[in-house]
Each structure stands twice: as structure tokens, then as C-alpha cells.
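Generate a structure from the sequence data that follows.
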Amino acid sequence: MISVFCVLRSGGEYQADHVLRLHNQTKAHLPAAAFHCLSDIEIPGIRTLSLAYDWAGWWSKMELFRPDITGDVLFMDLDTSIVGSLADIVSVNQLTLMRDIYRSEGLQSSIMYLPEAARGQVWAEWIDRPQHWMDMYQKGGDQAFLERFWLDRADRWQDLLPGQIVSWKSHVRQALHDDESGDGSVPADARVVIFHGKPRPWDIGW
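Now for the predicted structure:
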């Protein structure tokens, strides 16, 4: 069974409770999964792997590519909401990222299927000069760095599993805005709702 990972660096808006929230949702919808969190703090009840580098913000996600993390990985951001079975999602068995919601040609790293074999080249180039890449991609972040390698290689969730991974802003909130008779409910086929920015799911009572 694939390992499910999230990342928490303390001191920002994300807290241990958000890890526990995602862990509980994962267990409800993929009970057999091994759930891990890369973090600089211990989280009771969670398999926690220590962050090894002092990379701020979204750059901490680059530690998913460390060679000591073995096997295929399903990564999810902490503001992800799981609303249905993850069985199809963990069965893709290939490098898969989101098509960016606002840049149809780009990648979005909110949820990623990362085969072990795909991570080595990324880590080798990243760890050779991480500050250089952080400076170069200060605006685009980890997504922009990953596009160097995977823009034409990675499959997109929206193509492999249409309707299973949706955006709260684009598929829930926007649908309610466009159709005043709608109730703002999650699409019936959705399994994962991505928030990618404000509001966070807990801001709206999710």
C-alpha cells in the first residue's frame, strides 16, 4: 500500500490539528494507508519524520524527495479535504499532479502521486544548490521548480480521474455564484476537494 504524506513546518498558520484532521480523513477513506507527516515537531498519534533542512514555507515539501523516503508516495497539502474513497487515486501507479486551476498549461502540487523512481533526479538537482532554486522560483515556488522536470512528463489528475479531484474555488464556490439556485454542494463524483489558498476548509466550517 502506498504511503500518504503531508508536511508541517511549525510557526506558521498550519497547526498539528490540521495534520490530525487530514490523518482522520485519510483513515476514513483509505484505512490501510500508512500516514506520515514530515515536520519539525512531534505530533501525538502520527508517524512523524523529522524535517532535516531549514527550508521555509512551501519549500519544506522538497524534503519529500529525500532518498531516505522510499516507496511510492501520495502527497496532500494540509488544506486538502477528502470527501470520498481514495481507492482510484492511489491506484494510478504513475507520476501524477494537478493541472493548475488558473494556468491550464502548468502544474499544481496540492496533491501528487510520486513514484520513488521519479523523485531521484529532482532531488539530485535540488540539493546541489537549494538556495539558488529558492531564489529563482521565489514567486512560483515548488510548483515552478517541479515544472522544470515534469511539465511534459507528469499525468494530470483531471485527465486520469475526471471529476474526482476538484477545486473548492472553481467547482463549489463558483458553481454557487453562477447558479443562484445551487446549494454550493460538492460534485457527486468528487473524492478530494483542493482549497489552494484562502479560505481554508476550517475557515468555512469544513
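
can we go C-alpha only for contacts and neighbour counts from here?
Fine.

how about the strands in this protein?
Taking DSSP state E as the test, the strands found in the chain are 3-8, 34-39, 47-50, 73-76, 81-82, 96-99, 107-114, 155-156, 165-167, 192-194.

With respect to Asp17, which of those lies nearest?
Closest to Asp17 of those, according to Cα to Cα: strand 3-8, at 10.5 Å.

Give the other helices and strands that that closest one contacts.
helix 16-29, strand 34-39, strand 73-76 (3 or more Cα pairs under 8 Å, 6 or more residues apart in numbering; DSSP states H and E).

Please name the strands paired to it in the sheet, noting orientation.
Sheet partners assigned to strand 3-8 using DSSP bridges are listed as strand 34-39 (parallel), strand 73-76 (parallel).

now for the strands of the chain, which one comes closest to Asp203?
Of all those, it is strand 81-82 that lies closest to Asp203, at 12.5 Å by Cα to Cα.

re earlier: most tightly surrounded among the strands paired with strand 3-8?
The highest mean neighbour count among the strands paired with strand 3-8, using mean count of other Cα atoms under 10 Å, belongs to strand 73-76: a mean of 23.

re earlier: turn the helices and strands packed on strand 3-8 into a markdown table, including distance to Thr96 and mean pLDDT.
As requested, the helices and strands packed on strand 3-8 are exported to a markdown table (distance: least, Cα to Cα, whole Å; pLDDT from 0 to 100):
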| stretch | distance to Thr96 | mean pLDDT |
| --- | --- | --- |
| helix 16-29 | 19 | 98 |
| strand 34-39 | 19 | 98 |
| strand 73-76 | 9 | 98 |
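
got the strands paired with strand 3-8 as a markdown table, with distance to Leu95 columns?
Shown next, in a markdown table, are those (distance: least, Cα to Cα, whole Å):
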| stretch | distance to Leu95 |
| --- | --- |
| strand 34-39 | 19 |
| strand 73-76 | 10 |
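
right, and the ones you listed - which one's nearest Ala56?
Set against Ala56 and scored by Cα to Cα, the strands paired with strand 3-8 come closest in strand 34-39, at 11.8 Å.

Would you mind getting the angle between the closest one and helix 16-29?
Computed by axes from the mean of the first three to the mean of the last three Cα atoms, to 10 degrees, the angle separating strand 34-39 from helix 16-29 equals 160 degrees.

For Arg156, grab the count of nearby residues.
Applying other Cα atoms under 10 Å, we find 20 residues neighbouring Arg156.

List the contacts of it.
Going by Cα atoms under 8 Å, 6 or more residues apart in numbering, Arg156 touches Thr96, Leu97, Met98, Arg99.

Out of those residues, the closest to Gly197 would be?
Nearest to Gly197 among the contacts of Arg156 is Met98, at 15.1 Å by Cα to Cα.

Noted, bye for now.
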